[in-house]
Structures are given as structure tokens and as C-alpha cells.
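Chemist: A structural model of the following input is requested.
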Amino acid sequence: MQSTRTVIISIFLISFLAILFLVWLIYFKAGAETDLPLVRHLSAANATLNGLSAICVYLGIRFIKQGKQVLHQRLMVTAFIFSLLFLVSYIIYHHFHGDTPFRGQGLIRPIYFFILISHIGLSVVVLPIVLVTFAFALLSKFVLHRRIARITFPLWLYVSITGVLVYAMLNHLPETLLQDEASLGVFSLNT
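Modeler: Numbering: from 1, shown residues only. Presented below is the predicted three-dimensional model:
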């Protein structure tokens, strides 16, 4: 039991430090200048990795419910690898690029920020929970693994899916949603 407690405390400490680093990287560090074309495409790669992670998490849960433990394990490890690759790519992207402002206007703006804030808030929670869930599986503490996995699954899936949505809303919204209502001739109480 002591080793389990030590693992959990270590995971939460590492997660806390990682989150502090990411906050500094995204919100306080200025973006480094680069002409590398790869950096331009990392946000799309990040969305792809998030999407692949979501698919693996979903299928992994389906397979464990069918009693297919080996497939479950492979898919969850693959989801973890996709998430780890996402994190590395995300760090590289934000090192060079910095934060991306949202250009959408009107109703889409609060929708975007709701998705973004819930995504960020839950990603802070998901990081240590995923690690603890994996630790319980690796330590063969399957009762604890199953108990926490019931929480981990929907949170990890939500964070992965909303990561794709955030990318899509930042990069692929129709031009009409990026313009101010006044410039579109829409009646406003402020005019």
C-alpha cells in the first residue's frame, strides 16, 4: 500500500510541475521565431493525435466490456502513446508559435470559450488521472484500476474530442463566423 501511495503522490507532483510548465509556455513565454514549415502544421498534427487518442480510448473501453483484455491493453497503450506524442508536439508548437487568438465573433465566441475552458480545465485533471489509471494497471491493482477508469474514460475522451474541436474552431471556421455582426449588417441593440 505504501508503494501505491508513493506512486500516486509522485504522479500528482510530476503532473503539477508539468502543468505549471505548460502555463508558463503558453501564457508567459514569448514565441520563438522560426521559418520551419513543420511548425505551421503542428496544430493539425496535434488535432490528429487527439482524434486518434479518442478513437483508441473509445475502442479500448468497448473491447474491455466485451472481455477482450489484450485488445483493450493495446488500444489503451496506443491512446497513451498518441497523447504523449500530442504533448511533445504541443510543447514544440507553443514554444515556436505561442498562443493563437480566437477570431470568431458573435454567438460562436462564448461557445468556443466554453469548449476551450472546459478542455483546459479537464486536461489539468486528466493528466494525473490517466497516469494513476495506468499505474494501477501496471501494478496489477485491477480493482482500483477499474474504479478510477470509470472516471478516466469520459474525461480523457472529452479532452481528446474537445482538443479536435478547439483546433477546428481556431483554424477552419467559415469566414462569416469570423466577422463582427455589425460588418455583416446584422441588427444589434448596440447600434
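Chemist: tell me what the helix or strand hosting L165 is packed against?
Modeler: L165 is part of helix 142-171 when elements are defined by DSSP states H and E. Applying 3 or more CB pairs under 8 Å, 6 or more residues apart in numbering; DSSP states H and E, one finds that helix 142-171 contacts helix 37-65, helix 69-97, helix 108-138. All C-beta atoms are positioned from the backbone trio N, CA, C, and that covers glycine.
Chemist: below-threshold pLDDT in the protein: ranges please.
Modeler: 1-2, 177-191 (pLDDT under 70).
Chemist: now with 90?
Modeler: Residues of the chain that meet the criterion pLDDT under 90 lie in 1-5, 22-23, 25-41, 93-101, 103-105, 173-191.
Chemist: neighbours around L138, how many?
Modeler: 10 (other CB atoms under 10 Å).
Chemist: ok, T100 next?
Modeler: T100: 14 surrounding residues under other CB under 10 Å.
Chemist: same check, this time on the one 10 residues further on
Modeler: Residues within reach of P110, counting by other CB under 10 Å, total 10.
Chemist: again, but for V23
Modeler: Neighbourhood size, V23 [other CB under 10 Å]: 13.
Chemist: over to W24?
Modeler: W24: 10 neighbours (other CB under 10 Å).
Chemist: got the phi and psi for it?
Modeler: Here is the backbone geometry of W24 (degrees, to the nearest 10): phi -60, psi -50.
Chemist: quick one: it from L52, how far?
Modeler: 28 Å (CB to CB, to the nearest Å).
Chemist: G121 too?
Modeler: 23 Å.
Chemist: H172 and S43, how far apart?
Modeler: 11 Å.
Chemist: out of those two, which sits in the busier spot?
Modeler: Counted by other CB under 10 Å, H172 and S43 do not tie: S43 has more neighbours, with 19 against 9.
Chemist: the more buried one against Y167, yeah?
Modeler: Yes: the criterion here is CB atoms under 8 Å, and S43 meets it with Y167 at 5.8 Å.
Chemist: point out the other helices and strands that the strand or helix carrying F21 packs with.
Modeler: Applying DSSP H and E as the criterion places F21 in helix 2-23. Helices and strands touching helix 2-23, as assessed by 3+ CB pairs under 8 Å, 6+ apart, comprise helix 108-138.
Chemist: repeat the analysis, applying 10 Å as the threshold.
Modeler: When contacts are defined as 3 or more CB pairs under 10 Å, 6 or more residues apart in numbering; DSSP states H and E, helix 2-23 sits against helix 69-97, helix 108-138.
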